[in-house]
Structures are given as C-alpha cells and as structure tokens.
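Student: Following is a predicted model, sequence given first.
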Amino acid sequence: KDKPLEEIKAEPYPLLSQFKWENIDLSKEEHMDELYSLLHENYVEDDQAKFRFDYSKDFLRWALFPPGWRPEWHLAVRVVASGKLVAFISAVPVRLHVREHAQEMPEINFLCVHKKLRSKRLAPVLIKEITRRVNQTGCFQAVYTAGTYLPRPVVANRYYHRALNTKKLINVGFSRLPARLTMSRAIKLNNLPAQPLTKGIRPMVAADCAAACALVNRACARYQLKIEWSEEDFAHWHLTRDGVVYSYVVENPSSHEITDLVSFYIIPSSVIQSNKQDVLTAAYLWNYAHESTELTDLVKDALIFANGLKLDVFNALDMRENLSFFEALRFNMGDGLLHYYVYNWRCKPIEIHENALVML
C-alpha cells in the first residue's frame, strides 16, 4: 500500500558500525573506477560460474545518468576504516505501463555486494534503503528483474542466443559443437553477409528521434508491460554511443518517413575460468519497430551490424514477436530465465509475448 509521506522513515536504515552509507558521486572518475571494479569482481555470474558481466564505464554512465536521474538513487556502502566501496544499488526513473495502468516508477538495478561480505546481510538493507529513498519522492512501486525465482514474477522470459564468433563461443565453453558437425561447418552455417540487406537502413541520428520515438511507442502500444518513451528519454537510451548502444532506422526514400527501427546494446562478460583473461562480448536486442520491413529481415540486419562490430554473440528474449524469427536466424534456446517483478503492485501474470520491457 502507498503511505502518507509523513509516515516514511526520515533517517537512513542503520548499518553495522563498520559500514556507512554514501550517495556516490559517479561524475567523479575515481568513483566510477571504484564502481567498475566492484561490479567487475563481484557482479552477476551464470549458474556454472563461467562468465561474469563486465560493464564498461561508458555503459554505466549511459545506464545511470538518464534524464531525471537522482543522486540519492546512486546508493553505496563503504567500509568506515578503509573507505573501500563494498556494495551498491541504483534506481533510474521510467514511465511504465503495467496492463492498463501507467505511472512513473524506478527501475532497480546493479545490486551488488562484495563476495566476502555476503554473510553480513547487506543486500536486504540496501533494498530497504533504496525503497525508503524512492518512497520519499511519493512513489511506492518499482520494477526489477532477477535470474532467480521469487514469489511471484509478472512474467519470466527466456534468453535465446545467436552465435557470431562461433569458434570463440565453443572454445570458451559458452556453446558446444553439435554432434556430427565439424568446427568449419558450424562456422560456415553461422556466416553472415558483410553488408545489410534492407535498402535505406542507416544509423539513427538526433534528427530522427522524434519520429523514431513515436514509431516505437506505436509498436509497443499493444503490449501489457512496456515503457512509454518521451523524446528526451528515447534520445538518451537509443542514440548510438560507441561500444554501448547502436540504433538503425529505415527511411522511406520518397516521403523521408522513418518506417522501421532496430537497436541493440553491448555487454562484455569476463570468462572466469580462462587463463587468457578472455572477454566475451554480447549484443542484446533492445527496441524495434517495423512498418515496412519484415521483422526477420530487420533483425538479420542487426546481426550483420553486430558481426561487423566484431561481437561474439547476439542475445534476445522470447518476448514480443521474437519467437517468429529465432529459427530462421539460427537463434538457439539458452538456459537462463529472466523474471520480472513489479514491487507493491498486484496484477495477473502476463504471457511472454505480451512483454515489451527490456531491462539492462
């Protein structure tokens, strides 16, 4: 239930005496370096502990400084004696639609506690404190995702993977070579053209943002879980940033109308059990809309662009219309499920194809 603001706790929740809260100023390079190191060494790993997300600092700046960001929602814990950064959690504002209801609420992300301190119960206190800070703004809902099941998710989507650098994926243990298939044959099956196939597809520029934003909002209108983009938000989240996010549009040559868009963002992962300090670089399908181009063709062009950037794998969730192109474009089902939760909001679960919310 929502509460009157006067009932919201005014002071931060107490920590053990050896720790202290900090609104970490990530505009300072030394603080961003600390956050990068914390996440690089302690953040999400796969179930077999083979890979760990390795967000770049440019990615973190993109993810944590959207329009409307709040400094008090960049919440850190330090050791009092040494000043070492040992835990972090963040929130950023979005306008979320959950079925027929729409409101401003935060996306919660980057919850991370140093491995050596996980017995100290810091994670529950981080969640309580970020909740208190969000509540102080008059908001009592939030959206977040987790790989683990908690009662009860709104929806759970599965990852599918399309190999780009087939040999590397097999060598680092991300994929297995199918029986009765040679490495050279597997590589050949996954080969992609050097140039995109859709006539007129090009990188999105700032002048395209108003039309592209309207296009994506129209495309997502029929889904039950989605973001409603303002032009300012859309520009921040979709304009190309090298090594972070890439968006491409199709422009009608006669009317100059933007008719299609496809985008992806990039997250490297450390290969934990490698002596070579390998990094696996993955593209994630972000947003798309198609009014004149077949979706399979549009996503194939995204694969071609990602391959041209020398990425290793292209990932997508089984949401929206994505199941329609997985087989044709040689996506393989993954092991990972991503569970979506809306805090303090009761609604019936939605079907996987009704979800249009991609979270980083």
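Tutor: It's in. Just so it is clear, the model here is predicted, and its values are computed rather than measured.

Student: What are the boundaries of the helices in this structure?
Tutor: 29-42, 57-64, 122-135, 166-171, 183-189, 209-220, 231-238, 295-308, 323-326 (DSSP state H).

Student: among the ones you listed, which is nearest residue 99?
Tutor: For residue 99, the closest of the helices of the chain is helix 209-220, at 13.4 Å, according to CB to CB. Glycine gets a C-beta too; all of them are placed from N, C-alpha and C.

Student: Now do that closest one: everything it contacts.
Tutor: By CB atoms under 8 Å, 6 or more residues apart in numbering, the residues outside helix 209-220 that reach it are 204, 226-231, 234-235, 238-239, 247, 249, 257-261, 287-291, 356.

Student: Next: stretch 154-163.
Tutor: So stretch 154-163 is contacted by 98, 149, 169, 174-175, 186, 190, 225, 303, 312-319, 322, 326, 329-342, 347, 349-352, 354-355 (CB under 8 Å, 6+ apart).

Student: Low-confidence stretches in the protein?
Tutor: Applying pLDDT under 70 to the chain picks out residues 47, 275-277.

Student: where do the strands sit along it?
Tutor: If DSSP state E is used as the criterion, the strands of the chain fall at 19-23, 51-53, 74-79, 85-98, 101-113, 142-146, 155-163, 201-203, 225-227, 245-251, 258-271, 279-290, 313-317, 332-343.

Student: could I get those as JSON lines with distance to residue 62 and mean neighbour count?
Tutor: JSON lines is the format used below for the strands of the chain (distance: least, CB to CB, whole Å; neighbours: other CB atoms under 10 Å):
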{"stretch": "strand 19-23", "distance to residue 62": "20", "mean neighbour count": "16"}
{"stretch": "strand 51-53", "distance to residue 62": "15", "mean neighbour count": "20"}
{"stretch": "strand 74-79", "distance to residue 62": "14", "mean neighbour count": "21"}
{"stretch": "strand 85-98", "distance to residue 62": "11", "mean neighbour count": "22"}
{"stretch": "strand 101-113", "distance to residue 62": "12", "mean neighbour count": "19"}
{"stretch": "strand 142-146", "distance to residue 62": "18", "mean neighbour count": "19"}
{"stretch": "strand 155-163", "distance to residue 62": "21", "mean neighbour count": "21"}
{"stretch": "strand 201-203", "distance to residue 62": "17", "mean neighbour count": "15"}
{"stretch": "strand 225-227", "distance to residue 62": "16", "mean neighbour count": "23"}
{"stretch": "strand 245-251", "distance to residue 62": "7", "mean neighbour count": "23"}
{"stretch": "strand 258-271", "distance to residue 62": "8", "mean neighbour count": "23"}
{"stretch": "strand 279-290", "distance to residue 62": "12", "mean neighbour count": "22"}
{"stretch": "strand 313-317", "distance to residue 62": "18", "mean neighbour count": "23"}
{"stretch": "strand 332-343", "distance to residue 62": "20", "mean neighbour count": "16"}
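
Student: Could you export these as CSV, including distance to residue 297?
Tutor: Listed next are those as CSV, based on distance: least, CB to CB, whole Å:
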stretch, distance to residue 297
strand 19-23, 46
strand 51-53, 30
strand 74-79, 40
strand 85-98, 28
strand 101-113, 31
strand 142-146, 29
strand 155-163, 15
strand 201-203, 9
strand 225-227, 23
strand 245-251, 10
strand 258-271, 9
strand 279-290, 9
strand 313-317, 15
strand 332-343, 20
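
Student: Figure out which of the ones you listed is closest to residue 4.
Tutor: With CB to CB, the closest approach to residue 4 among the strands of the chain belongs to strand 101-113: 17.8 Å.

Student: and the direction of the closest one versus that of strand 332-343, what angle?
Tutor: 110 degrees (axes from the mean of the first three to the mean of the last three CA atoms, to 10 degrees).

Student: what does strand 101-113 rub up against?
Tutor: Under CB under 8 Å, 6+ apart, the answer for strand 101-113 is 38-39, 42-43, 63-64, 73, 86-96, 120, 122-123, 126-127, 130, 134, 139, 141-144, 228, 343, 345, 347, 359-360.

Student: hmm, 7 Å instead?
Tutor: 38-39, 42-43, 73, 87-96, 122-123, 126, 130, 134, 139, 141-144, 228, 359-360 (CB atoms under 7 Å, 6 or more residues apart in numbering).

Student: for the strands of the chain, which one sits closest to residue 11?
Tutor: Of all these, strand 19-23 comes closest under CB to CB, at 10.3 Å.

Student: what helices or strands is that closest one leaning on?
Tutor: strand 74-79 (3 or more CB pairs under 7 Å, 6 or more residues apart in numbering; DSSP states H and E).

Student: quick one: the strand it packs on to helix 29-42, angle?
Tutor: Between strand 74-79 and helix 29-42, the angle comes out at 80 degrees (the same axes, to 10 degrees).

Student: for strand 74-79, the distance to its chain's centre please.
Tutor: Distance of strand 74-79 from its chain centroid, counting by CA atoms, centre = their mean, to the nearest Å, is 22 Å.

Student: And for stretch 119-132?
Tutor: 22 Å.
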